[in-house]
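>>> Show me the folded form of this:
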Amino acid sequence: MPETISLSALPVGGRGCVLTVNAAPAMARRLEDLGLIPGTCVTCEARGARGGPGAYRIRGALIALRQSDAQGVTVTPQAVSP
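The predicted model follows:
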């Protein structure tokens, strides 16, 4: 089985593909509306200081997510090509 981590653990510049979204129903729906559905590839573009929001590239859009929300998204890390 491939390694899995939460989206909040993805390093800056790292890329991962969404496996699951585990959140309260309203938040899960919001994350899905933003494009976080199984199979979607996400890149971590920036991380806020002291646990602030992270910026993630999702389907071409740059989205800021609180760390607590990103922790509910499980991803499989992907190799980033140069």
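>>> now the lengthiest helix in the chain, how far from the centre of its chain.
Longest helix in the chain, counting residues (DSSP state H): helix 25-33. Remark: helix 25-33 is offset 13 Å from the chain centroid, using Cα atoms, centre = their mean, to the nearest Å.
>>> any residues touching it, and which ones?
21, 22, 23, 65, 69, 72, 73 (Cβ atoms under 8 Å, 6 or more residues apart in numbering). Backbone N, C-alpha and C define where each C-beta goes, glycine included.
>>> What mean pLDDT does that helix get?
Mean per-residue pLDDT for helix 25-33: 94.
>>> Next up, the contacts around residue 20.
38, 73, 74.
>>> repeat for residue 72
Applying Cβ under 8 Å, 6+ apart, the residues contacting residue 72 are 6, 21, 22, 23, 27, 28, 31.
>>> possible to save those as JSON lines with neighbour count?
Converted to JSON lines, the contacts of residue 72 look like this (neighbours: other Cβ atoms under 10 Å):
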{"residue": "6", "neighbour count": "15"}
{"residue": "21", "neighbour count": "20"}
{"residue": "22", "neighbour count": "13"}
{"residue": "23", "neighbour count": "18"}
{"residue": "27", "neighbour count": "14"}
{"residue": "28", "neighbour count": "17"}
{"residue": "31", "neighbour count": "23"}
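>>> Show me which of those is closest to residue 51.
Of all the contacts of residue 72, residue 51 sits closest to residue 6, with 13.6 Å by Cβ to Cβ.
>>> Which per-residue confidence value corresponds to the nearest residue to residue 44 once chain neighbours are set aside?
Closest residue in space to residue 44, ignoring its immediate chain neighbours: residue 10 at 4.4 Å, by Cβ to Cβ, 6 or more residues apart in numbering. Note for residue 10: predicted pLDDT of 93.
>>> do the same with the one 3 residues further on
With respect to pLDDT, residue 13 scores 94.
>>> Show me where this protein dips below the pLDDT cut-off.
Within the chain, the stretches with pLDDT under 70 are 1-2, 80-82.
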